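>>> Okay, structure incoming, though there's no sequence with it:
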């Protein structure tokens, strides 16, 4: 089979599964059967992606079909574009989707069968949309899938829609990402106006030939970047991601850690040749990325909800990727996307196992779980070490590459921000580890290790995270960073310092956490209130939007309605007045006739 | 004698009839007024027939007389029915058309 057929198969299987689950209600209501069907479909996709990744030829494969017929050739095409980038992403998406769907069978075992079937229908739709986004060969198609994954995110965050917080979080995620998508679509249309094509290959050709009109290109690329800001939770649109944690934990692992939120990074990587033409926008991407990384890391320090810590760390790591892209190290950013996808999915699924066992998200109600859940503790530790960037886990190499890329890109201040973030990341992640798995207070209840259907995916991800890192270390770092020698040492040193500091604070209690909070009191208070960003947006919403709505409401109620009411009142009054001349007596009418006749006669006489 | 005295007579009759129709309170009186107006028309028709020598006016007058008979019969029947229902034939009380 050639690459195109394989890619189409990978794309088509989840779609078939979704259609089957959507149009055959008995199948969907069967619950676990629906799950098995969805898992089989995404398993097939995974196989196809793996074979595709193995057999991928050097140059990219593109299949296109005409769409939107217009005079002088089709206005747009649909198609798939498979190259190294897409194939890697395809494997990641299919793998994490497969493992998460498998894991969900255990995690959501207490759901009713119809709810489980609905869950898997959404999951199939998500897998299809995400794979379609990865394989899209033009902007228009990418935008369609981009919106579809946004829809799936909305549906899955709001999976427990009877919970008000979940429903609100779903709406918030939808609207905040839409704010970015608005820029994205405007950018696409403007770019089409400039270049006359949506096709990536055509645009890249024009970029290479320097035939792409550069007037206003910076604005266009900035608008397209806005889409990535919304989707990849970059400052200032990152506020939706922590709230999205209201969804089921496997959903957070798949959509809000490994795949969908990485779509923004993927978008920038995908059209990187175009971004290279606008260095200013790239620099902005780098700065915003680094700032997001630092901001989210400080927010992650104070969270008590284990999933929120992970959510802020996701935002932070997305900032790393964006910073690398902005600094010109596209390969490093994408490399970090792939490794992060693995170990963050691992961390979320591990957190899910803990939540499943303990029944709460609050880390202060957990403790000493390594005794009750040794397997989970080990895999969670693997994920944490990878996220902290400890040799020889995969995260070490990608983080190192990102830091080196940012340094080489000449973004010194962002580099310093990222270095500080490395320290903070290690600190807040090991804070969670020490509090949840070690600590001196045992957790309430009787936590137990998770069943095989849940621990299997955890082990696979842990082995991949470690195995990939070891293979990179053994090969001497084929994708080794080209930066200065001291960067890996600096990053490792900072990470170890963070771990030791967390150990001192939360395990040995040699450093008092309260004293730390007092020392950094302004920062602590600010982080607890999420830097007032949510309040700011809430205020803007209330002040501006609600104020405007009130004004419009007033105009409608008193001006528009007033005019209508005035007209009807006048009609009533006149009608009432005219009614009184209708006496009902025939003689009065005759008077009228006679008088009228007289008038006509007089008038005709005098005329 | 010329045409004019007849026309004046007819006009007087018509006006008296109209006055009766408009001012009488009793339904019978109104019917009588209508009779007067119709007869004024008859006078006119006959006068013009005589003056011009054409017989069409005479025939019209005959028609009018016969139709008037039917009309009076119908009108009186209605008045009697109204009396049976409302126990009155005072025109001022018959105001069901009031808006």
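Yep, that arrived. Model, not experiment: these values are computed from the prediction. Numbers count the residues shown, from 1 in each chain, chains lettered A, B, ... in the order given.
>>> Can you name the residues of the stretch 501-607 of chain A that neighbour chain B?
A:578-587, A:590-591, A:594 (C-beta under 8 Å from any C-beta of the partner chain). Using the backbone N, CA and C atoms, a C-beta is placed for each residue, glycine as well.
>>> tally of neighbours for residue A:179?
16 (other C-beta atoms under 10 Å in any protein chain shown).
>>> roughly how far apart are residue A:182 and chain B?
Residue A:182 sits 60 Å away from chain B, going by C-beta to the nearest C-beta, to the nearest Å.
>>> In contact with that residue, which residues are there?
residue A:226 (C-beta atoms under 8 Å, 6 or more residues apart in numbering or on different chains).
>>> cool, and residue A:470?
Neighbouring residues of residue A:470 by C-beta under 8 Å, 6+ apart: residue A:392.
>>> The helix or strand hosting it: how far from the chain's middle?
With secondary structure defined by DSSP states H and E, residue A:470 is part of helix A:452-474. Taking C-alpha atoms, centre = their mean, to the nearest Å, one finds helix A:452-474 lying 24 Å from the centre of the chain it belongs to.
>>> Same question for stretch A:363-376.
29 Å.
>>> mind checking the end-to-end distance for that stretch?
15 Å (C-alpha to C-alpha, to the nearest Å).
>>> re the thing from before, tell me which residues in the helix holding residue A:470 are buried?
A:454-455, A:457-458, A:460-462, A:464-466, A:468-469, A:472-473 (16 or more other C-beta atoms under 10 Å in any protein chain shown).
>>> for stretch A:72-92, same thing?
In stretch A:72-92, counting by 16+ other C-beta under 10 Å, buried: A:75-83, A:85-92.
>>> so residue A:78, which of the three states?
Each residue gets one of three states, and residue A:78 gets strand by DSSP: H, G, I helix; E, B strand; the rest coil.
>>> same question, residue A:111
coil.
>>> Which residue is the nearest non-sequential neighbour of it?
Nearest non-adjacent residue to residue A:111, counting by C-beta to C-beta, 6 or more residues apart in numbering or on different chains: residue A:119, 7.0 Å away.
>>> Check residue A:464 too.
residue A:342 (5.5 Å).
>>> ok now do that neighbour, which residues does it touch?
Neighbours of residue A:342 in contact, by C-beta under 8 Å, 6+ apart: A:92, A:96, A:258, A:386, A:394, A:461, A:464, A:465, A:468.
>>> Quick check, residue A:322 in contact with residue A:268.
Yes - counting by C-beta atoms under 8 Å, residue A:268 is a contact partner of residue A:322 at 7.2 Å.
>>> residues bridging contact with those two, i.e. touching both?
Among the neighbours of residue A:322, those also in contact with residue A:268 (C-beta under 8 Å, 6+ apart) are A:228, A:285, A:333.
>>> Go through the strand or helix carrying the second one and flag the buried ones.
Using DSSP H and E, the secondary-structure element containing residue A:285 is helix A:279-301. Of all the residues in helix A:279-301, those buried under the rule 16+ other C-beta under 10 Å are A:281-301.
>>> Likewise for stretch A:503-518?
Result for stretch A:503-518 [16+ other C-beta under 10 Å]: buried residues A:503, A:505, A:506, A:507, A:517.
>>> Correct me if wrong: the fourth one contacts residue A:439.
Yes - here residue A:507 lies in contact with residue A:439, judged by C-beta under 8 Å, at a distance of 7.3 Å.
>>> residues from chain B in reach of chain A?
Close to chain A, as judged by C-beta under 8 Å from any C-beta, chain B has residues B:18, B:21-23, B:30, B:91-92, B:94-99.
>>> How about residue A:9: what's its closest non-neighbour residue?
residue A:48 (4.6 Å).
>>> contacts for the helix or strand encompassing the one you found?
Following DSSP H and E, one finds residue A:48 within helix A:32-55. Contacts with helix A:32-55, where a contact means C-beta under 8 Å, 6+ apart, come from A:1, A:3, A:6-7, A:9-11, A:13-14, A:16-18, A:20-21, A:27-28, A:82, A:87-88, A:90-91, A:93-95, A:97-98, A:101-102, A:104-105, A:113, A:116-117, A:119-121, A:123-124, A:127, A:131.
>>> Now that we have those, which of them are buried?
For the contacts of helix A:32-55, buried by 16+ other C-beta under 10 Å: A:3, A:6-7, A:9-11, A:13-14, A:17-18, A:20-21, A:27-28, A:82, A:87-88, A:90-91, A:93-95, A:97-98, A:101-102, A:104-105, A:116-117, A:119-121, A:123-124, A:127, A:131.
>>> taking these one by one, which sit in strands?
residue A:82 (DSSP state E).
>>> Can you show me the helices along chain B?
B:4-23, B:27-52, B:56-86 (DSSP state H).
>>> which strands and helices sit next to the last one?
Packed against helix B:56-86 by the contact rule (3 or more C-beta pairs under 8 Å, 6 or more residues apart in numbering or on different chains; DSSP states H and E) you find helix B:27-52.
>>> Can you flag which of the buried ones among the contacts of helix A:32-55 belong to helices?
Short answer: those in helices (DSSP H) are A:3, A:6-7, A:9-11, A:13-14, A:17-18, A:20-21, A:27-28, A:87-88, A:90-91, A:93-95, A:97-98, A:101-102, A:104-105, A:116-117, A:119-121, A:123-124, A:127, A:131.
>>> what's near enough to touch the nearest residue to residue A:224 once chain neighbours are set aside?
Excluding the flanking residues, the one nearest residue A:224 by C-beta to C-beta, 6+ apart is residue A:187, at 3.8 Å. Residue A:187 is in contact with A:220, A:221, A:222, A:223, A:224, A:225, A:226, A:227, counting by C-beta under 8 Å, 6+ apart.
>>> Up against chain B, what does chain A have?
Within chain A, the positions near chain B by C-beta under 8 Å from any C-beta are A:578-587, A:590-591, A:594.
>>> how about those residues, which pair is most distant?
A:579 and A:594 (22.7 Å; C-beta to C-beta).
>>> Neighbour count for the two, which is higher?
Applying other C-beta under 10 Å to residue A:579 and residue A:594 shows that residue A:594 carries more neighbours, namely 14 against 10.
>>> starting at the chain centroid, how far to the one helix or strand the residue nearest to residue A:224 maps to?
If you go by DSSP H and E, residue A:187 is part of helix A:164-195. Relative to its parent chain, helix A:164-195 has a centroid offset of 11 Å by C-alpha atoms, centre = their mean.
>>> residues of that helix that come out buried?
A:166, A:169-170, A:172-174, A:176-177, A:179-181, A:183-192, A:194-195.
>>> who touches residue A:357 in this structure?
Residue A:357 makes contacts with A:369, A:372, A:373, A:376, A:447, A:448, A:449, A:450, as judged by C-beta under 8 Å, 6+ apart.
>>> List just the nearest of these to residue A:207.
For the contacts of residue A:357, the nearest to residue A:207 is residue A:376 (47.8 Å; C-beta to C-beta).
>>> how near is the closest one to residue A:81?
From residue A:376 across to residue A:81, the span is 39 Å (C-beta to C-beta, to the nearest Å).
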